[in-house]
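[1] This is the structure alone, sequence omitted:
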């Protein structure tokens, strides 16, 4: 049995597991949304400093560098806000994991890409499935949960847009440079807080 064939799947499962547990950590944490955001963006920046050269740390290596990083911290802030103030972590996670649907919609609208009927059918089925799963949940919709759900949805839209920008403008970056780019502007912005 060749384990290397299964490693990509294991990485995705591990990432989904960690991302899902993030909501639980945020919900039980006594830290504020800004403190959690700083912790989340600061640690990757500090770690990436050990692996990148001074040339790679340049803010304006790519003209979309700052824009992608700002979108990333905005997405993170909405996500953490959603986790912190919702009465249903499951709802927030379902809405945040809708980002691939928004990514395809952004590609269709902005890039004018054509997709097969199968992909469009899958996209429509996904939206119907999310709607049905949220309709079946039995929890009370209060103002905080409604705002938290909108924040989760906003986070998903930003992830969809950011994924398109990264695919288009960051092909030449290494994975460590991408991690740095994703987090550095947020770390600089949040440091005063």
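    Alright, I've got the coordinates. Keep in mind that this is a model prediction, so the values were computed, not measured.

[2] List the residues that contact residue 170.
    62, 64, 68, 178, 181 (C-beta atoms under 8 Å, 6 or more residues apart in numbering). Using the backbone N, CA and C atoms, a C-beta is placed for each residue, glycine as well.

[3] can you list these in CSV and add pLDDT, secondary structure and neighbour count?
    Converted to CSV, the contacts of residue 170 look like this (pLDDT from 0 to 100; DSSP: H, G, I helix; E, B strand; the rest coil; neighbours: other C-beta atoms under 10 Å):
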residue, pLDDT, secondary structure, neighbour count
62, 65, coil, 16
64, 78, coil, 14
68, 84, helix, 19
178, 78, helix, 14
181, 78, helix, 25
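
[4] Centroid-nearest residue for the chain?
    Closest residue to the average C-alpha location of the chain: residue 159 at 4.8 Å, with C-alpha atoms, centre = their mean.

[5] where exactly do the helices run in the chain?
    Under the criterion DSSP state H, the chain contains helices at 7-28, 33-49, 65-85, 89-96, 99-110, 117-135, 143-169, 175-190.

[6] Wait, residue 34 touches residue 190, no?
    Yes: the criterion here is C-beta atoms under 8 Å, and residue 34 meets it with residue 190 at 6.1 Å.

[7] more neighbours, those two?
    Applying other C-beta atoms under 10 Å to residue 34 and residue 190 shows that residue 190 carries more neighbours, namely 20 against 15.

[8] For residue 30, see how far away the more buried one is.
    Relative to residue 30, residue 190 is positioned 18 Å away (C-beta to C-beta, to the nearest Å).

[9] Please apply the same query to residue 117.
    Residue 117 is 50 Å from residue 30, by C-beta to C-beta.

[10] just residue 102 next, same as before
    32 Å.

[11] got it, and residue 101?
    Note on residue 101: its distance to residue 30, by C-beta to C-beta, is 34 Å.

[12] In terms of neighbours, single out the busier of these two.
    More crowded of residue 101 and residue 30, by other C-beta under 10 Å: residue 101, with 19 against 5.
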